[in-house]
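Undergrad: Following is a predicted model, sequence given first.
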Amino acid sequence: MAPPGVALGLRAGPSATLIPNYAPAFLAFHFIWAYGVLSSRTLKQWYGIDHNESPRHDLDKYGNQAVKSGKITQKQLDILRRNESAHANAVENYAFFVGAIGFATLAGVDRRLINSAGLAYTLARVAYGFIYILVEDRLWSQLRGVTWWISNSRCLYLLWQAGNKLNGTIQLQARGRSR
């Protein structure tokens with residue numbers, strides 16, 4: 001097995017066929033990140049304002065009341081709201097990542113490119129989650145948009161690479177038939 005630096009395209013190494021494809025690991029991580037880690041249920045349970053019968057409306061129904069009663073502070077409620085938004089965005093973005101990394105894998109894109117794009121996407125999305133939840137300053141929150149574009153640019157890059165690979169294959173097949 002190739003060292004991680006080689007598999008991620010950070011160093012030169014053996015041919016791409018000897019490099020593992022980390023796409024399944026990236027997909028598993030992002031599923032857990034989006035649906036588990038960024039879920040606001042844990043924080044709402046911690047603060048005692050989680051209502052399982054209608055959890056998507058907890059903050060709308062009970063958030064301001066919890067602040068007024070002293071159960072949580074306004075700052076904690078704001079964090080919970082940003083947490084819900086970060087969770088929703090991670091869930092929404094997961095489908096794009098699945099499509100991009102899956103399409104690149106099926107098209108036969110070099111595994112080092114897939115792995116390095118997956119790593120860049122992962123770092124950007126983790127940063128995005130932390131920035132979304134923890135940064136309340138309007139100016140600094142602009143970093144969230146930067147990380148969003150970085151992660152989505154990696155998906156677009158993978159789709160571009162897959163398209164190039166597929167079109168190159170089609171061109172080679174057409175040349176072979178014309179001879």
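TA: Sure thing, it's come through.

Undergrad: buried ones in stretch 140-151?
TA: In terms of neighbour count (16 or more other Cβ atoms under 10 Å), stretch 140-151 has its buried residues at 143, 144, 147, 148, 150, 151. To be clear about C-beta, it is placed using only N, CA and C from the backbone, and glycine gets the same treatment.

Undergrad: what's the span of stretch 129-148, first residue to last?
TA: Chord length of stretch 129-148, first to last residue, is 10 Å (Cα to Cα, to the nearest Å).

Undergrad: List the contacts of that stretch.
TA: 33, 37-38, 75, 78-79, 82-83, 85-86, 89-90, 124-125, 127-128 (Cβ atoms under 8 Å, 6 or more residues apart in numbering).

Undergrad: Tell me the spacing between the most centrally placed residue in the chain and residue 79.
TA: By Cα atoms, centre = their mean, the mean C-alpha position of the chain lies nearest to residue 125, the distance being 4.6 Å. Here the criterion is Cβ to Cβ, to the nearest Å. By it, residue 125 lies 19 Å from residue 79.

Undergrad: Which helix or strand lies directly C-terminal to the helix or strand that contains residue 115?
TA: For residue 115, the host element (DSSP states H and E) is helix 111-134. Per DSSP H and E, the first helix or strand lying C-terminal to helix 111-134 is helix 142-178.

Undergrad: Not counting its neighbours along the chain, what's nearest residue 87?
TA: residue 38 (4.2 Å; Cβ to Cβ, 6 or more residues apart in numbering).

Undergrad: Wait, residue 158 touches residue 100, no?
TA: Yes. Between residue 158 and residue 100 there is a contact at 4.2 Å, judged by Cβ atoms under 8 Å.

Undergrad: Can you tell me which of the contacts of stretch 129-148 is closest to residue 63?
TA: Proximity of the contacts of stretch 129-148 to residue 63 was ranked by Cβ to Cβ; the top entry is residue 78 with 9.5 Å.

Undergrad: Which residue, other than its chain neighbours, is closest to residue 78?
TA: Using Cβ to Cβ, 6+ apart, the nearest residue to residue 78 is residue 136, at 6.5 Å.

Undergrad: That neighbour: neighbouring residues, count only.
TA: Neighbourhood size, residue 136 [other Cβ atoms under 10 Å]: 11.

Undergrad: what about residue 28, distance to residue 93?
TA: 16 Å.

Undergrad: Which of those two has more residues huddled nearby?
TA: residue 93 (19 against 10).
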